[in-house]
Structures are given as C-alpha cells and as structure tokens.
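Participant: Just need the structure, nothing else, for what follows:
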Amino acid sequence: MQSLQAQNPGSDAGLHLSLARILGPEKLNQLEKLQGASDYALEEAKHLVFGQVREIVESLQAQLRESEPLVADLQEKADSLEDLNLGLLQLLKLCMVGEACAS
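Facilitator: Numbering: from 1, shown residues only. Alright, predicted model coming up:
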C-alpha cells in the first residue's frame, strides 16, 4: 500500500489537497499505524479522517460567509466603475464627432 504521505501530483493552484496536507503530520502518523489493522481500527481511522475533513469544510464555509460582504461591495464598485467607463466613452465619442464636424 502506498504511503499516505504521498503528495497529490498535478494539483492546480492549491485547489486539490492531498490527504497528508489535510490531516497534518500527527493524525497522518496515527493513520499509518493502522495500515493492515483490524476492522475496528479502520473504522476509527475513517472517523478520524471524516472529522478532520468536516472541520476544514466548516472553516472554509465560515471564511466564505465572512467574505460575502466584501465580494458584494467589490462587485458594486466594479459596476459603478463600468458605468463611469461607459459614460466617458460616450463623451469621448461625442467630442470626436464634434471635432470632426469642426474641421
């Protein structure tokens, strides 16, 4: 059986984490001791992994909730800047047409 410490090759921009990175060294060592262990020990390992992954998901959900107001604010500012840009482009076109007519 491959070592649980093997990294996930081909992970793109940190979006895919290996089991080793999710669990951390302490819990990973506990799991490695269970290789070839009894069904009970394997069940315990499943609970260990599931609990750790659940904690990470909950942490990411909390970060997402905290980020939502900032994202909304940035979207509002981006929309405002886009409106300003369109207005300036229209003004530029009018100026160019007026300049062409004046020549």
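Participant: so what does the least confident helix or strand in the chain by mean pLDDT touch, helix or strand wise?
Facilitator: For the chain, counting by mean pLDDT, DSSP states H and E, helix 19-23 ranks last in confidence among helices and strands (a mean of 71). Contact here means 3 or more CB pairs under 8 Å, 6 or more residues apart in numbering; DSSP states H and E; on that basis helix 19-23 packs against helix 25-33, helix 39-102. From N, CA and C alone the C-beta is placed, and that goes for glycine too.
Participant: can you give me the angle the last one makes with helix 25-33?
Facilitator: Compare the direction of helix 39-102 with that of helix 25-33 by axes from the mean of the first three to the mean of the last three CA atoms, to 10 degrees and you get 130 degrees.
Participant: about what we covered before: looking at the helices and strands packed on helix 19-23, which is nearest to residue 18?
Facilitator: Nearest to residue 18, of all the helices and strands packed on helix 19-23, is helix 25-33, at 9.9 Å by CB to CB.
Participant: quick one: buried residues of that closest one?
Facilitator: Within helix 25-33, the residues that count as buried by 16 or more other CB atoms under 10 Å are 27-28, 31.
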